[in-house]
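1. The following block contains a protein sequence and its predicted model.
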Amino acid sequence: MKECSKCKSEWHDKANFCEHCGERLPEERDRVIPSGSGRDSISYGYNSPGS
């Protein structure tokens, strides 16, 4: 499990941002994201409750 640096919530192992506060992983934040893909496409598949 990863822990959010902002709100200390646990993250799903494959998640690249915090489901609780939206904080993103540093490596994700540094990566160039193609235009047209917003948080909706990034969050797909990681919005189910629990771990």
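-> Structure's in. What do you need?
2. wait, residue 13 sits on residue 3?
-> No. Between residue 13 and residue 3 there is no contact, the gap being 11.8 Å when judged by CB atoms under 8 Å. Heads up, the C-betas are built off the backbone N, CA and C, glycines and all.
3. Any stretches of this structure with poor pLDDT?
-> Across the chain, residues meeting the criterion (pLDDT under 70) sit at 26-51.
4. one more time with 90
-> Across the chain, residues meeting the criterion (pLDDT under 90) sit at 1-6, 8-20, 22-51.
5. Surely residue 11 and residue 3 touch.
-> Yes. Using CB under 8 Å, residue 11 is in contact with residue 3, at 7.0 Å.
6. how deep is the residue lying closest to residue 24 once chain neighbours are set aside tucked in, by neighbour count?
-> Across the structure, with CB to CB, 6 or more residues apart in numbering as the measure, the residue nearest residue 24 apart from its sequence neighbours is residue 17 (4.3 Å). Look at residue 17: counted by other CB atoms under 10 Å, it has 18 neighbours.
7. What does residue 2 show for phi and psi?
-> When quoted as degrees, to the nearest 10, the phi and psi of residue 2 stand at phi -100, psi 160.
8. just checking, it touches residue 14?
-> No. Counting by CB under 8 Å, no contact exists between residue 2 and residue 14, whose distance comes to 9.8 Å.
9. Give me the more crowded residue out of the two.
-> Under the criterion of other CB under 10 Å, the comparison of residue 2 against residue 14 puts residue 2 first, with 14 against 8.
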